[in-house]
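**Q** Requesting a structural model of the entry that follows:
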Amino acid sequence: MKINLLFAVLLFVTATPCWASVSAVEVSIDGDARYWVSAFSLTSVEADAAQDGGAQFSAYNYLSINYALENGRHWALRLPFIYNSAGFNNFDGDEFQKQQLDLADVLLDYTISSTLLPGEIEVFSRYRLELPTSRYSIAQGKIAGLRVDYIASRYINKDFQLEYWPIFTWNIQTQTVYDNPDTNKLSHTKRYELNHRLSLWYKLNQRGAFLGFYVGTEDTWYNESESNNTTRAQNQRYGEHLLKVGPSVRYRLSRNFDFLFNLQNSVPMWGYSPERTGTASDLGAFKPKQTEFVLLSFISF
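**A** Alright, predicted model coming up:
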């Protein structure tokens, strides 16, 4: 994918009035409705492409049908699609990309909005089943994806909140390599993904405005293949490890509309091709080729 899907699932809509975790809250609805519908859109653009002109905008969107259970739990069926505008991006180099509209993997979520632990630590948890409906998953022969999220949050005082967010994904595949529909070359399928994120939030006002800063890692392990002479196999690059930092702003316009803006500095550190690999000194430098602008928008009906 041409966008960082970690942000595509960063936040989602809930029927409860409020949770302690800033990252897990975006929109609530009034009343005691069992069913409700919500929508989400993530739009991202690379800083260097925006600076040079002709940037490709990528948008991950979904329509979500939600069903509330008791005690802050709910199920959600999410119907996602991806839109890429015409333009240039770092992943494809100097090659101009045509606009593209694709169905993404359909998602089934089970969420527990809040569990209180000793030490005034509140934990949000989500369990997700990813169904192989996108053309990428179909090309890979993917069976399913299983993902687990936990967000542990604690207020330091009335204005500051600290969050720790680990995410683990297990991709269940039928094959180790596949014909990539974008490059027409063999690519390795993903096996495991493990992401960590530590965020500090400052409450700007009582209406739901927060200013934050985060540090994190993004680790991906690919399936090995001894029978295919790919570049990844030749260089034993079966694990990719990325570091990221950046500021965030979250603002609630109303109970039915919310958005979060991220300036993301992502530095590939190990396991990438030489032309993509960065250094520790790049982290926090926000070099254009390692920086993205990401806007997340949420609405409930």
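
**Q** residue ranges of the helices in the protein, please?
**A** In the chain, the segments counted as helices under DSSP state H are 5-8, 47-52, 135-140, 231-234.

**Q** Val106 against Phe81, yeah?
**A** No - the pair Val106 / Phe81 is not scored as a contact, 10.2 Å apart, by CB atoms under 8 Å. Heads up, the C-betas are built off the backbone N, CA and C, glycines and all.

**Q** Compare neighbour counts for the two and give me the winner.
**A** Neighbours were counted for Val106 and for Phe81 using other CB atoms under 10 Å; Val106 has more, 17 against 14.

**Q** Gln99 and Ala59 touch, don't they?
**A** No - with contacts counted by CB under 8 Å, Gln99 stays clear of Ala59, the gap being 10.9 Å.

**Q** Give me the more crowded residue out of these two.
**A** Remark: of Gln99 and Ala59, Ala59 carries more neighbours, 19 against 11, as counted by other CB under 10 Å.

**Q** Residues in contact with both of Gln99 and Ala59, list them for me.
**A** 83-84 (CB atoms under 8 Å, 6 or more residues apart in numbering).

**Q** Look up how far Ser137 lies from the residue of the chain most remote from its centre.
**A** What lies farthest from the middle of the chain is Ser227; by CA atoms, centre = their mean that is 32.4 Å. Here Ser227 is placed at a distance of 22 Å from Ser137 (CB to CB, to the nearest Å).

**Q** ok now do Leu116, which residues does it touch?
**A** Residues in contact with Leu116 (CB under 8 Å, 6+ apart) are 122-123.

**Q** swap the cut-off to 6 Å and go again
**A** Shown in contact with Leu116 (CB atoms under 6 Å, 6 or more residues apart in numbering): Glu122.

**Q** again with Ala49
**A** 55, 88.

**Q** Kindly recompute the last result at 8 Å.
**A** Residues in contact with Ala49 (CB under 8 Å, 6+ apart) are 55-56, 87-90.

**Q** hang on, Gln51 packs against Pro288?
**A** Yes - if you go by CB under 8 Å, Gln51 and Pro288 touch, sitting 5.6 Å apart.

**Q** Looking at the two, which is more packed in?
**A** Counted by other CB under 10 Å, Gln51 and Pro288 do not tie: Pro288 has more neighbours, with 14 against 10.

**Q** Tyr272 versus that one, what's the distance?
**A** From Pro288 across to Tyr272, the span is 18 Å (CB to CB).
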